[in-house]
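**Student:** What shape does this take:
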Amino acid sequence: MADLFSDEWMKQFQQEWNEEPELSGALEKIAFDSVIGYGFKGDDKPSGFIKVEKGKVTDAGSYDGQELNWDMRADETNWKKWFEKELGMTGLGMAVTTGKLKFNSGDFKAMIKDPRMATPFVKSFSVMGKV
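**Tutor:** Below is the predicted model of the structure:
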C-alpha cells in the first residue's frame, strides 16, 4: 500500500471516489466543486489534494501549493481508524469537537448542516479505506 496521502495514494483515492455513487453521484447532483487538502496535524502544509468538479475528482496527487477550499488534518492513527470503521455523523462531530480532526480551512458547520454535503463527506472516509 502506498503511503497515506502520497501522490500514488491520492490517485487511487481519486479512482475510488469516482466509482462510488454515494459520493461522486451525490455531489454531482449539487454540482459540487472544491479543492480539498488532506494531511497531518503539525505539518506546515497538507500532504495530498483532490480537485472535485461537479462531484468527480478530476485531479489528485501530492500537494504542491494549490489553493484549497478545505484543508483537513489529523494524526495518522486517527485517519486510519476512521478508514477502518465507518465514522458516521456523530463520530465526525466528536472528532471535530475533540480536535482529533481539524479544519485549517473550510466551513465545517455550514457543510454539516447540509445533508446533501454532509452525507457524502462522511462516505468519503469509508472510500478512503478502500485505497
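**Student:** Just confirm residue 6 contacts residue 46, I think it does.
**Tutor:** No: contact between residue 6 and residue 46 fails when scored by C-beta atoms under 8 Å: they sit 11.9 Å apart. Every residue, glycine included, has its C-beta placed from N, CA and C.
**Student:** Among those two, which residue is more densely surrounded?
**Tutor:** Taking other C-beta atoms under 10 Å, residue 6 and residue 46 do not tie; residue 46 has more neighbours (22 against 15).
**Student:** Mind telling me what element residue 71 is part of?
**Tutor:** Here residue 71, judged by DSSP states H and E, is contained in strand 70-74.
**Student:** Beyond that strand, next helix or strand please.
**Tutor:** helix 76-84.
**Student:** Same question for whichever helix or strand comes after that next one: list its buried residues.
**Tutor:** Next in sequence after helix 76-84, counting helices and strands by DSSP H and E, comes helix 88-97. For helix 88-97, burial by neighbour count (16 or more other C-beta atoms under 10 Å) applies to 91, 92, 95, 96.
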